[in-house]
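Participant: Build me a structure from this.
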Amino acid sequence: MRKVVVVGLGRSGIAAARLIAERGDRVYITELKEDDSIVSSVETLIKDNVALRNNVEIGSHSERFIKDADLMIVSPGVRRDALPVRLAEERNILILSELELAYSMCHAPIIAVTGTSGKTTVTTLIGRMLKKGGLDAVVCGNIGNPLSGELNRIKKDSIVVLEVSSFQLEWIRNFRPGISIILNISENHLDRHKDMEEYVSLKGRIFSNQDERDLLLVNGKDKFLRRLSSNIKPRVEFFDEYKDFSNRYKIGNEDYLAAMTAASLYDISEDTMMDVISHFKGLEHRLEHVTTLWGVDFVNDSKATTVSSVAWALRSLNGRIRLIMGGRYKGGDFKELNYLVREKVDSVIVIGEASSMIKEALGSFEEVIQEDTLAGAVHSAFKDACKGDKVLFSPGCSSFDMFKNYEERGRVFKDICLRLPLI
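Facilitator: Numbers count the residues shown, from 1 in each chain. As a prediction, this is how the structure comes out:
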């Protein structure tokens with residue numbers, strides 16, 4: 001029986017702990033946070049005999065939890081310079097991600113999707129296309145349900161469609177999908193990664209164990225991906241050019257092209273793929289229509305945590321826009337938005353830690369309003385909006401200065417919008 005330390009008690013940490021216990025190893029859990037949700041999760045794991053109470057610490061990390069460990073599993077939110085990671089490296093303890101742990105016990109083929117933006121949309125679409133085509137697709141990973149928690153329902157004839165983040169790829173060892181997809185790369189997570197070179201390198205780890213039997217799908221228009229995908233072992237296809245889907249179906253959305261390319265490799269008919277796309281209403285927190293009040297549409301794009309995602313949202317919407325941005329800066333150059341803002345936006349309302357940075361980056365654009373709260377931003381945008389306008393919440397930043405995650409941020413935005421008629 002091995003001693004396995006799980007660092008971090010988010011969704012992936014909980015799933016990893018359960019999987020380790022099922023495998024018969026001793027589970028130790030160390031979590032720096034100590035709030036109601038963490039305490040509740042700990043109590044559930046103890047009740048379910050996943051870990052003993054004495055083998056769980058919250059609110060701090062201690063050396064005794066790491067000492068004599070055989071293996072450490074780190075959650076995606078754990079930084080490389082975190083104390084448990086440094087202690088494990090000093091003691092030559094093997095460190096793996098939850099993704100790598102689960103992969104070692106997964107016997108079904110894997111389609112893995114990564115990229116700066118669009119991962120959740122593409123992962124969802126591929127899963128729906130495969131299912132509608134009669135295949136057993138299991139959609140999981142960074143999308144919200146970790147691979148570790150889905151192993152019991154994955155059969156040999158299943159197809160795992162896996163959303164993968166750079167954080168998860170940081171601690172892989174043998175992870176090797178049959179099909180890997182990199183959608184795009186732009187500046188992101190520079191609050192976590194050393195520089196852009198490191199971020200690009202981590203994204204490239206998705207195909208690091210692939211060989212000539214495997215396939216890498218990339219966007220040929222992306223300069224980083226063109227460079228990354230040259231002189232590598234797996235076969236490379238450009239999904240923006242594949243089977244001329246773009247011209248034949250008049251599709252400009254590259255997320256759709258990536259999903260169609262992957263699904264066609266499993267012989268899903270083009271009629272089936274187009275049917276899925278035609279009925280796709282989008283995902284929560286991603287260009288999600290919330291409500292219309294007095295002719296003004298409110299759009300929740302809380303999942304847009306990068307500059308490139310904001311640009312995508314602005315290009316995707318018609319009509320004049322009141323744009324709400326801000327949060328905790330995580331990399332990227334807001335100056336890249338200047339052209340689109342001047343072309344499509346009547347006012348920008350900024351909030352959070354990055355508000356001054358955004359305001360400065362937009363330079364001479366005069367209609368930049370600074371608010372202290374999201375509620376204040378929504379009210380400010382609505383007050384000045386005209387019939388036919390859109391109030392777009394597309395932050396371009398992480399949520400962690402004001403909210404627990406982008407989901408909570410999006411739900412708060414929607415609640416504010418839906419309460420506007422009552423105010």
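
Participant: What helices and strands are in contact with the lowest-mean-pLDDT helix or strand in the chain?
Facilitator: Least confident helix or strand of the chain, by mean pLDDT, DSSP states H and E, is helix 196-204 with a mean of 78. Counting contacts by 3 or more C-beta pairs under 8 Å, 6 or more residues apart in numbering; DSSP states H and E, helix 196-204 is packed against helix 166-169, helix 223-228. (Each C-beta comes from the backbone N, C-alpha and C, glycine too.)

Participant: try it again with 10 Å
Facilitator: strand 110-114, helix 166-169, strand 179-182, helix 223-228 (3 or more C-beta pairs under 10 Å, 6 or more residues apart in numbering; DSSP states H and E).

Participant: Show me the helices in the stretch 201-350 of the chain, by range?
Facilitator: 223-228, 245-248, 254-264, 270-278, 307-316, 338-344 (DSSP state H, counting those that start in this stretch).

Participant: among these, which is nearest Ser62?
Facilitator: For Ser62, the closest of these is helix 307-316, at 38.6 Å, according to C-beta to C-beta.

Participant: now the angle from that closest one to helix 254-264?
Facilitator: Relative orientation of helix 307-316 and helix 254-264, computed by axes from the mean of the first three to the mean of the last three C-alpha atoms, to 10 degrees: 100 degrees.

Participant: Distance from helix 307-316 to the middle of the chain?
Facilitator: 16 Å (C-alpha atoms, centre = their mean, to the nearest Å).

Participant: With stretch 107-123 instead?
Facilitator: For stretch 107-123, the distance to the chain centre is 10 Å (C-alpha atoms, centre = their mean).

Participant: Quick one: end-to-end distance for that stretch.
Facilitator: In stretch 107-123, first residue to last residue: 19 Å (C-alpha to C-alpha, to the nearest Å).

Participant: got the buried residues for it?
Facilitator: By 16 or more other C-beta atoms under 10 Å, the buried positions in stretch 107-123 come out as 108, 110-123.

Participant: Please apply the same query to stretch 79-94.
Facilitator: Neighbour-count burial for stretch 79-94, counted by 16+ other C-beta under 10 Å, picks out 82-85, 87-88, 93.

Participant: pretty sure Ser302 contacts Phe413?
Facilitator: Yes - with contact defined as C-beta atoms under 10 Å, Ser302 and Phe413 form a contacting pair (6.1 Å).

Participant: list residues touching both of these two?
Facilitator: When contacts are counted by C-beta atoms under 10 Å, 6 or more residues apart in numbering, Ser302 and Phe413 have 285, 288, 374, 393, 395, 403 as shared neighbours.

Participant: Now render those as CSV, adding distance to Ser308 and neighbour count.
Facilitator: Listed next are these as CSV, based on distance: C-beta to C-beta, whole Å; neighbours: other C-beta atoms under 10 Å:
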residue, distance to Ser308, neighbour count
His285, 16, 21
Glu288, 19, 19
Leu374, 22, 24
Phe393, 17, 32
Pro395, 13, 32
Phe403, 21, 21
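
Participant: export those to JSON lines and tack on distance to Glu163 and pLDDT?
Facilitator: Listed next are these as JSON lines, based on distance: C-beta to C-beta, whole Å; pLDDT from 0 to 100:
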{"residue": "His285", "distance to Glu163": "14", "pLDDT": "91"}
{"residue": "Glu288", "distance to Glu163": "18", "pLDDT": "92"}
{"residue": "Leu374", "distance to Glu163": "27", "pLDDT": "97"}
{"residue": "Phe393", "distance to Glu163": "23", "pLDDT": "98"}
{"residue": "Pro395", "distance to Glu163": "20", "pLDDT": "97"}
{"residue": "Phe403", "distance to Glu163": "21", "pLDDT": "93"}
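
Participant: Do a quick rundown of the strands in the stretch 1-150 of the chain.
Facilitator: For the stretch 1-150 of the chain, the strands defined by DSSP state E, counting those that start in this stretch occupy 3-7, 26-31, 56-58, 71-74, 94-97, 110-114, 137-141.

Participant: how about those, which one is nearest Asn219?
Facilitator: strand 110-114 (12.0 Å).

Participant: Given that closest one, what are its sheet partners and their directions?
Facilitator: Here strand 110-114 has these sheet partners by DSSP bridges: strand 159-163 (parallel), strand 179-182 (parallel).
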